[in-house]
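Q: Okay, here's the prediction I keep looking at, along with the sequence it came from:
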Amino acid sequence: MTDHPISVTAAELDRRRAAGETITILDVREPWELDIARFPDALAIPLATLPTRVGEVPTDHPVVVVCHHGMRSYKAMSWLRQNGVANAINLEGGIDAWARLIEPTMGVY
């Protein structure tokens with residue numbers, strides 16, 4: 001059982017980061033997508049490589065998983081939780097929601 005929610009909105013993630021909460025952003029998009037829009041401090045692990053790189057994902061604080069619109073990140077969050085990373089949380093709407101609602105200078109695609 002986990003105390004972490006399954007998902008978080010862009011507004012909630014922004015609030016938690018502004019409050020100084022330790023949160024890792026795990027971006028599961030492809031490298032070409034990162035060239036368009038990215039969290040500068042994100043841990044970038046493309047979804048296809050996640051099973052071989054799961055050891056890089058922290059387990060001692062929340063990990064918000066991000067993709068373009070939230071579908072790949074939901075799949076990654078589910079996989080992570082099934083494989084012992086109970087602190088994984090999906091970003092609803094992905095980086096697209098973040099760019100449109102929180103950081104309008106960020107690229108969208």
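A: Perfect, thanks for sending it.

Q: Identify each buried residue in the helix ranked longest in the chain, please.
A: Criterion DSSP state H: the longest helix present in the chain is helix 71-82. For helix 71-82, a neighbour-count test (16 or more other C-beta atoms under 10 Å) marks 72-77, 79-81 as buried. All C-beta spots, glycine's among them, are computed from the backbone N, C-alpha and C.

Q: quick one: the strands in the chain?
A: For the chain, the strands defined by DSSP state E cover 7-8, 24-27, 43-44, 63-66, 88-91.

Q: Describe which strands the last one pairs with in its sheet and in which direction.
A: Read that as strand 88-91. Its sheet considered, strand 88-91 pairs with strand 7-8 (parallel), strand 63-66 (parallel) by DSSP bridges.

Q: which sections of this structure are below the confidence cut-off?
A: Within the chain, the segments meeting pLDDT under 70 span 1-2.

Q: Show me the residue at the heart of it, geometrically.
A: residue 65 (2.1 Å; C-alpha atoms, centre = their mean).

Q: All the helices of the chain, in order from the start?
A: Going by DSSP H, the chain shows helices at 10-18, 31-34, 50-53, 71-82, 94-101.
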